[in-house]
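Enquirer: I'd like to go over a predicted model; first the sequence, then the structure.
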Number of protein chains: 2
Amino acid sequence: MSQAGAKRVRLTERQLGLIARALADPRRYAILEQIGKSRGSVPCSALRACQPVTAATLSHHMKELETAGLIRITREGKFAHLELDREIWHAYLDRLSRI
Amino acid sequence: MSQAGAKRVRLTERQLGLIARALADPRRYAILEQIGKSRGSVPCSALRACQPVTAATLSHHMKELETAGLIRITREGKFAHLELDREIWHAYLDRLSRI
DNA sequence: TTGATACTTCGATGAATGTCGAAGTGAGAG
DNA sequence: CTCTCACTTCGACATTCATCGAAGTATCAA
């Protein structure tokens, strides 16, 4: 189940909880799905275009996903770009698969 | 990632959400972990012995896990036995791994 | 039948959370 | 400098939710 050559990332209990809670909200799940579909990073504006929430709410969800460690956010000027942290993501799947 | 010969179970969006929310609570995660550790079914009393919650709270969590489809509960006389539904569990992991 | 055991259901409560509008910040165009 | 654009922070609100005690149900032993 753990893929060959994958770096081992150790998730703390705290991070495990943050990730699980982050995924529990359908909106956040949808956002993560959209980010994950892209091979690289997704501009925040692309999320705004697809997700029917205000900028304030979107910003809130972005922070939750970032705090959980699921995404990285890079800022260039006015813009923000979001990228899935696939290492963390795989670590989470790996952990779940041991249940 | 999907294991050879695994039966395909289709998770509805609704069930996906129920599972994610079920996992979001650390207590429920711990309960599921304990159930998963056992190859077969776990008596409810074993959970009571390990989880520091009242019977009322435990009963509530059991129902949530069952509603999400993650566990099956069989009742014999006074006792209840809980078992992880590994088919659903793998379907969930499979779905997540596609992100 | 009486009592004990094993859960379940109900009602209440305090805490967490998703959402928004409004105001704030900072970058860049003109 | 001024205005706009892209996002963030703040404060508020309604809803959800984990938890408990108390009362209920059902099983089983004595």
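Expert: Now that the structure is in, tell me what you want to look at.

Enquirer: any idea how many residues pack against residue A:80?
Expert: 17 (other Cβ atoms under 10 Å in any protein chain shown). All C-beta spots, glycine's among them, are computed from the backbone N, C-alpha and C.

Enquirer: what's the answer for residue A:65, then?
Expert: Residue A:65: 25 neighbours (other Cβ under 10 Å).

Enquirer: correct me, but residue A:71 touches residue A:86?
Expert: No - counting by Cβ atoms under 8 Å, residue A:71 stays clear of residue A:86, with 10.3 Å between them.

Enquirer: between these two, which is the more surrounded one?
Expert: residue A:71 (25 against 12).

Enquirer: who's that one bridged to?
Expert: residue A:84 (DSSP bridges).

Enquirer: wait, what's in contact with it?
Expert: Shown in contact with residue A:71 (Cβ atoms under 8 Å, 6 or more residues apart in numbering or on different chains): A:32, A:35, A:62, A:65, A:82, A:83, A:84, A:85.

Enquirer: let's go with 6 Å and repeat that
Expert: Each residue near residue A:71 by Cβ atoms under 6 Å, 6 or more residues apart in numbering or on different chains is listed here: A:65, A:82, A:84.

Enquirer: near chain B, which residues of chain A?
Expert: A:17, A:20, A:21, A:23, A:24, A:26, A:33, A:36, A:93, A:96, A:97, A:99 (Cβ under 6 Å from any Cβ of the partner chain).

Enquirer: so which of those is the most crowded?
Expert: residue A:23 (24 neighbours).

Enquirer: which residues touch that one?
Expert: Here residue A:23 is in contact with A:29, B:20 (criterion: Cβ under 6 Å, 6+ apart).

Enquirer: can you tell me how far the closest residue to DNA strand C within chain A is from residue B:37?
Expert: Nearest residue of chain A to DNA strand C: residue A:77, at 2.7 Å (Cβ to the nearest atom of the strand). Using Cβ to Cβ, to the nearest Å, residue A:77 is found at 51 Å from residue B:37.

Enquirer: swap in residue A:11?
Expert: Taking Cβ to Cβ, one finds residue A:11 at 18 Å from residue B:37.

Enquirer: can you check residue A:49 too?
Expert: 45 Å.

Enquirer: neighbour-wise, which of these two wins?
Expert: Between residue A:49 and residue B:37, counted using other Cβ under 10 Å, the more crowded position is residue B:37 (11 against 8).

Enquirer: related to what we said a few turns ago, can you put the contacts of residue A:71 in a markdown table and add distance to DNA strand C and pLDDT?
Expert: Below are the contacts of residue A:71 laid out as a markdown table (distance: Cβ to the nearest atom of the strand, whole Å; pLDDT from 0 to 100):
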| residue | distance to DNA strand C | pLDDT |
| --- | --- | --- |
| A:65 | 11 | 98 |
| A:82 | 16 | 98 |
| A:84 | 19 | 98 |
